[in-house]
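**Student:** Please work out how this folds:
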Amino acid sequence: MTATPRPDAHPADLLRAGATACAAAVRAGHVSALDLCDAAIGRIEQLDGAINAVVVRDFERAREQARSADAARARGERLPLLGVPMTVKESFNIAGLPTSWGLPPFRDFRPAHDAVAVQRLKACGAVILGKTNVPPALGDWQSGNPIYGRTVNPHDASRTPGGSSGGGAAALASGMVALELGSDLFGSIRVPAHFCGVYGHKASVGVLPTRGHDFPGTEQEPSDRPGVIGPLAHCAEDLALALDVLAGPEVPASAAWTLRLPAARHAALRDFRVLVLDEHPAAACANAMRTAMAQLAVRLEAAGTRVARHSPLLPDLAALSKDYGTVVNTLLSAFEPDGRTRLSAHDWLRLIGRRDALRVQWRAFFAEFDALLCPPFGRAAFAHQDEPEWAQRTLRIDGQDTRFGAQGAWSTMASHAGLPATVAPLTQDADGLPLGVQIIGPYLEDHTTIALARLLATA
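**Tutor:** Okay, the predicted model is just below:
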């Protein structure tokens, strides 16, 4: 939990405290939105030359937004993100700014309209300073591309900040901004949050608007595709704030229905029932990560949480991981120039049928447990890798070379069934690198995983 800043807190300290603190300070008149904006711009100009996180800058329009926020406050408006300086992932459309997804052919693509999520952020008073770095086509756990270059981890420049929302996680971790908007298909919010020591939330499928976060030059209707968007933040309170600002149906569904996410299941650790998992049949896990999970389990038990380490209700994780890998590869190949798949239409229907059966299994699991706690990734941030082919890469874990792509198994558990998952900072390894915990919860119960993340900070 982030401590409440003093009324006379410096704007840079408010940025590190996060979006809730910034908005409260603006509402109370302790700081102006323009002062916060200028403080964020100053930190970007001071720090980002070495990090390369905020790769598309829109400072003059941001100052205009900040002045508008101050005028709104003077009129008595109290918007939830009024004056909060933030960035968004480069893959989100912002009118007039490049949206390339790190791909040179789209270097000059500039959409005419903001993504729906960006519209909602602005409508709630957010001040958007620019866009953060990504890997090409959002397809890596690193964040570097031929257009913008490489983003480094603020904790250790020889390491990756993660991907594909790595630029945003790095901007947060270095205190440049108060909030970030990312996206997640294969851990793209959760891995950067884990590597950089910040909070991140992958929303339940269908909860947050994805229109305007489409491959450059395309627009797709909302669907139950597993790729979702979500916030990265300095604290769990900010995740909940951003979730409430962003959540709700978009056109055409908004003509017929509204969304009301349920409140968190519990308000105290002693009331939670959790399964703590530190082993996966498809992915290795470092001793440092397993030790951190074991220590977390002990702290939770001391707080009165009911903690289990095994359950027959847990789905077949190896089969789940294999199926989701097939889903992702099939979806990605559909947009590649020479993309091919060996999957027949019947194979695809059977695959989706198994996914639907998996959702039923998870419902039974979450009738017994409130959350599943596991690593977001099997180790801390790894050194930058230049090998373009995933199949040729390895990751060193406790002295052993392991398959690079196998680590996606940790994020797959939530992704395949469209479940919410929150990552919270947990501890550091022997090298001082952050380690986080992934909190997976029942479908549409996003506030339960975020609430547990907030409570963990007090444990």
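**Student:** For the residue most central in space within the chain, what are phi and psi?
**Tutor:** Per C-alpha atoms, centre = their mean, the C-alpha nearest to the average position across the chain is that of residue 189, at 2.7 Å. The phi/psi pair for residue 189 (degrees, to the nearest 10) reads phi -100, psi -40.
**Student:** contacting residues for it?
**Tutor:** Neighbouring residues of residue 189 by C-beta atoms under 8 Å, 6 or more residues apart in numbering: 165, 182, 183, 200, 201, 202, 230, 232, 423. Any C-beta I mention is one placed from the backbone N, CA and C, and that applies to glycine too.
**Student:** contact partners of stretch 142-151?
**Tutor:** If you take C-beta under 8 Å, 6+ apart as the criterion, stretch 142-151 is touched by 51-53, 55, 90, 100, 102-104, 107, 132-136, 160-167, 170, 192, 384-385.
**Student:** For it, which residues meet the burial criterion?
**Tutor:** Going by neighbour count (16 or more other C-beta atoms under 10 Å), the buried part of stretch 142-151 is 142, 143, 144, 145, 147, 148, 150, 151.
**Student:** ok, now stretch 202-219?
**Tutor:** 202-216.
**Student:** Same check on stretch 22-31?
**Tutor:** Of all the residues in stretch 22-31, those buried under the rule 16+ other C-beta under 10 Å are 22, 23, 24, 25, 26, 27, 30, 31.
**Student:** Likewise for stretch 252-268?
**Tutor:** 261, 264, 265, 266.
**Student:** and the second one, what element?
**Tutor:** Element membership of residue 264 [criterion: DSSP states H and E] is none; it lies in no helix or strand.
**Student:** sorry, back to before: which two among the contacts of residue 189 are spaced furthest apart?
**Tutor:** The largest separation in the contacts of residue 189, counting by C-beta to C-beta, is between 183 and 423 at 14.3 Å.
**Student:** Among the two, which residue is more densely surrounded?
**Tutor:** More crowded of residue 183 and residue 423, by other C-beta atoms under 10 Å: residue 423, with 31 against 25.
**Student:** hang on, the earlier thing: now, which of the buried residues of stretch 202-219 sits nearest residue 438?
**Tutor:** residue 202 (9.1 Å).
**Student:** if we can go back for a sec, out of the buried residues of stretch 142-151, which are inside helices?
**Tutor:** For the buried residues of stretch 142-151, not one is inside helices, with DSSP state H as the criterion.
**Student:** and those as a markdown table, adding pLDDT and distance to residue 395?
**Tutor:** Listed next are the buried residues of stretch 142-151 as a markdown table, based on pLDDT from 0 to 100; distance: C-beta to C-beta, whole Å:
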| residue | pLDDT | distance to residue 395 |
| --- | --- | --- |
| 142 | 98 | 12 |
| 143 | 98 | 17 |
| 144 | 98 | 17 |
| 145 | 98 | 21 |
| 147 | 98 | 26 |
| 148 | 98 | 25 |
| 150 | 98 | 18 |
| 151 | 99 | 19 |
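**Student:** tell me which of those is nearest to residue 393?
**Tutor:** residue 142 (10.3 Å).
**Student:** shouldn't residue 112 be in contact with residue 97?
**Tutor:** No: checked against C-beta atoms under 8 Å, the pair residue 112 and residue 97 is beyond contact range at 11.1 Å.
**Student:** Settle it for me: which of these two has more neighbours?
**Tutor:** Taking neighbours as other C-beta under 10 Å, residue 112 and residue 97 compare with residue 97 leading, 20 against 7.
**Student:** show me where the stretch 51-200 of the chain has helices.
**Tutor:** Taking DSSP state H, counting those that start in this stretch as the test, the helices found in the stretch 51-200 of the chain are 59-74, 116-123, 166-173, 190-196.
**Student:** Residue 301 is nearest to which of those?
**Tutor:** Nearest of the helices of the stretch 51-200 of the chain to residue 301, taken as C-beta to C-beta: helix 190-196 at 23.3 Å.
**Student:** Farthest pair within the buried residues of stretch 202-219?
**Tutor:** Maximum pairwise distance in the buried residues of stretch 202-219, criterion C-beta to C-beta, is 26.3 Å, between 204 and 216.
**Student:** residue contacts, the closest residue to residue 12 other than its chain neighbours?
**Tutor:** Nearest non-adjacent residue to residue 12, counting by C-beta to C-beta, 6 or more residues apart in numbering: residue 39, 5.1 Å away. Counting by C-beta under 8 Å, 6+ apart, residue 39 makes contact with 10, 11, 12, 14, 15, 85.
**Student:** if I've got this straight, residue 39 is in a helix?
**Tutor:** Yes: the assignment for residue 39 by DSSP: H, G, I helix; E, B strand; the rest coil puts it in a helix.
**Student:** That one and residue 14: what is the separation?
**Tutor:** Plainly put, residue 39 is 8 Å away from residue 14 if you go by C-beta to C-beta, to the nearest Å.
**Student:** Then residue 241?
**Tutor:** In terms of C-beta to C-beta, residue 241 sits 15 Å off from residue 14.
**Student:** neighbour-wise, which of these two wins?
**Tutor:** Neighbours per residue, other C-beta under 10 Å: of residue 241 and residue 14, the larger number sits with residue 14, 28 against 23.
**Student:** helix/strand/coil for that one?
**Tutor:** With three-state DSSP as the basis, residue 14 sits in helix.
**Student:** show me the contacts for it.
**Tutor:** 5, 21, 22, 25, 31, 36, 39, 178.
**Student:** wait, isn't residue 330 in contact with residue 344?
**Tutor:** No: if you go by C-beta under 8 Å, residue 330 and residue 344 don't touch, sitting 11.1 Å apart.
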